[in-house]
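J.: A structural model of the following input is requested.
(one chain, ligands or ions: 2)
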Amino acid sequence: MDVPTDGLCLALETSCDETAAAVVAGGCQVLSSVVASQADLHGRYGGVVPELAARHHLEAVLPVVDHALRQAGASWGDLCLVAVTRGPGLPAALLVGVAAAKALAFARGLPLVGVNHLAGHVYAHRLETGEAGERVGALPRGGDGLPRPAVCLVVSGSHTDVCLLPGDGGLHLLGSTVDDAVGEAFDKVARLLGLGYPGGARIDRLAASGDPRAVPFPRTLRPLSGPRGGGGPTPAAGPFAFSFSGLKTAVAQHVAMRVAATAQSGDGRRHHGRREAAPASDAPPGNAGAPALDPAEVADVAASFQAAVVDVLVERTVRAAEEHGVKALLACGGVAANSGLRAALGRAAAERRWGWAVPPLRYCTDNAAMIAAAGWVAHRAGRGDGWDLDADPNLPLEL
Ligand code: KG4
Ligand code: ZN
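T.: Ligands and ions are numbered 1, 2, ... in the order given. Okay, here's the model as predicted:
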């Protein structure tokens, strides 16, 4: 393979439980993207344990960097930039990546740039991966390589943001969640259903065999603020705010009610007359309290929960685009890997003859290629950081 040596950026990502490194040319061509996941480790505890995450990042970070360089066929002398996630994320986990990136950049005499993790998710739309993303229509791009103008949904384990990417650059946050992030809701519901951690992808898989209309879970659409909405969400949440804690509670109450009914009737595991459920003790680790419901019923709850989430996300994103006269929808972040969300956004865009795009699955969930893309754009715009670069666990979404 001819390795492009123009503008090679090495990027590191350690904001949560994935240790990732990537080499990307010109902020778009992915030469390597290595992700060492700690999901199995944290699965035992039903969620990410920050101290364990940091310790494992420390062990994994240099081997992962080596791997990324080897896979790209690049040497240190080929690189012209080191980019690293500086926030938001787990403080101790972020610090490992930031310290490693500083040491590597200093030792090799390379410029360093700290990257906002959420901006990284948005810049995943810049990557040319040669893999199937989903994209309809050639979307016009801005000077930073992002499809513009567009409305972009940023949905991850800790964030639910809808933002406007105006044609002439920048980003305006239009709304955020007022309580749980959507990925957090997926993970909590997965735990309630005894599916283990991380739960989003498991709910997604299970939902495919369930009935999305089986349980009419609430679609919590907080009133839009401003002249039409009156008395809407708190200003900090923006006019297009989301709320997922009520839905999570509705699922918890439904499951508790069904478990009680099942225990009373004694035949709940044959509720749908399909398969026998595995007893809770056979469930994967981290599933304490897993309900002994029929697997077909669990699939129905998963599908109904996912349908409620997707309806709300799509309604708000489309509404934001309409209000801003924008005809392109984007989604990114771990939850943008959800098959129901991808399909529904695609349908909503197709019905209106709008463009839409979602990155390939592995560039939706945490990775370092997206950090290289964002870092490259910042570097070209003259931004950079010194050896005093610090982690900032609470950075808000900004480009
Ligand atoms: O962006 P990400 O990888 O990490 C954070 O920045 O948080 O997002 C992780 C979140 C987790 O909550 C995970 O359950 C969720 O994304 N997720 C999914 C799917 N794949 C990952 N949620 C729904 N459906 C999926 N297929
Ligand atoms: Zn993320």
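J.: Pro295 and ligand 1: what is the separation?
T.: 19 Å (CB to the nearest ligand atom, to the nearest Å). All C-beta spots, glycine's among them, are computed from the backbone N, C-alpha and C.
J.: Can you pull the phi and psi angles for that residue?
T.: phi -60, psi -30 (degrees, to the nearest 10).
J.: cool, Gly246 as well?
T.: Main-chain dihedrals, Gly246, degrees, to the nearest 10: phi -60, psi -40.
J.: Next: Val358.
T.: Dihedral angles for Val358 - degrees, to the nearest 10 - are phi -130, psi 130.
J.: what does the stretch 151-300 of the chain have sitting close to ligand 1?
T.: Contact residues (CB under 6 Å from any ligand atom) of the stretch 151-300 of the chain with ligand 1: Ser156, Gly157, Ser158, Gly183, Phe186, Asp187, Pro198, Gly199, Gly200, Ala201, Asp204.
J.: quick one: the first one and Ala307, what's the gap?
T.: Computed as CB to CB, to the nearest Å, the Ser156 to Ala307 distance reads 20 Å.
J.: Comparing the two, which shows the higher neighbour count?
T.: Ser156 (26 against 22; other CB atoms under 10 Å).
J.: Surely the more buried one touches Asn338?
T.: No: Ser156 is not in contact with Asn338 according to CB atoms under 8 Å; the separation is 11.6 Å.
J.: Show me the helices in the stretch 1-150 of the chain, by range?
T.: Listed in chain order, the helices found in the stretch 1-150 of the chain under DSSP state H, counting those that start in this stretch are 39-43, 50-72, 91-108, 117-123.
J.: Now do the same contact list for the residue of the stretch 151-300 of the chain found nearest ligand 2.
T.: Nearest to ligand 2 in the stretch 151-300 of the chain, going by CB to the ion, is Ser156, at a distance of 4.2 Å. Contacts for Ser156 (CB atoms under 8 Å, 6 or more residues apart in numbering) come out as Leu118, His121, Ala181, Gly183, Gly333, Gly334, Val335.
J.: With secondary structure as extra columns, can I get the residues you listed in TSV?
T.: What follows is the contacts of Ser156, written out as TSV (DSSP: H, G, I helix; E, B strand; the rest coil):
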residue	secondary structure
Leu118	helix
His121	helix
Ala181	coil
Gly183	helix
Gly333	coil
Gly334	helix
Val335	helix
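J.: Could you tell me the phi and psi values at the closest residue to Pro212 other than its chain neighbours?
T.: Distances taken as CB to CB, 6 or more residues apart in numbering place Ala307 nearest to Pro212, at 3.7 Å, with adjacent residues excluded. Geometry field for Ala307 lists phi and psi as phi -60, psi -40, criterion degrees, to the nearest 10.
J.: Touching, Ala307 and Val215? I think so.
T.: No: at 9.3 Å, Ala307 and Val215 do not qualify as touching, with contact defined as CB under 8 Å.
J.: May I see the ChimeraX selection of the buried members of the residues of the stretch 151-300 of the chain next to ligand 1?
T.: Buried subset of these, written as a ChimeraX selection, criterion 16 or more other CB atoms under 10 Å:
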select :156,157,158,183,186,187,198,199,200,201,204
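J.: Now for the residues of the stretch 151-300 of the chain next to ligand 1: which two are most distant?
T.: The span of those, defined through CB to CB, is set by Ser158 and Asp204 at 18.5 Å.
J.: Now do the domain split for this protein, please.
T.: The record's domain split for the chain, according to automatic domain parsing, is 8-133+364-380, 150-358.
J.: Least confident of these, on average?
T.: Least confidently modelled of the domains of the chain is domain 150-358, at a mean of 85 by mean pLDDT.
J.: Please compute how far that domain lies from its chain's middle.
T.: 13 Å (CA atoms, centre = their mean, to the nearest Å).
J.: Same question for stretch 372-379.
T.: A distance of 19 Å separates the centroid of the chain from that of stretch 372-379, by CA atoms, centre = their mean.
J.: ditto for stretch 387-399
T.: The gap between where stretch 387-399 is centred and where its chain is centred comes out at 18 Å by CA atoms, centre = their mean.
J.: Not counting its own residues, what contacts it?
T.: The contact list for stretch 387-399, computed with CB under 8 Å, 6+ apart, reads 84, 86-91, 94-95, 97-98, 101-102, 106, 112, 114, 116-119, 122, 144, 154, 159, 161, 163, 170-171, 173, 374.
J.: Same check on stretch 332-346?
T.: Outside stretch 332-346, the residues that touch it by CB under 8 Å, 6+ apart are 118, 121-122, 124-125, 134, 136, 152-157, 159, 182-183, 186, 200-201, 204, 207-208, 212, 306-307, 309-311, 313-314, 317, 329, 331, 356, 358-359, 361, 364-366.
J.: from these, which ones fall inside strands?
T.: Secondary structure defined by DSSP state E assigns Glu134, Val136, Cys152, Leu153, Val154, Val155, Leu329, Ala331, Trp356, Val358 of these to strands.
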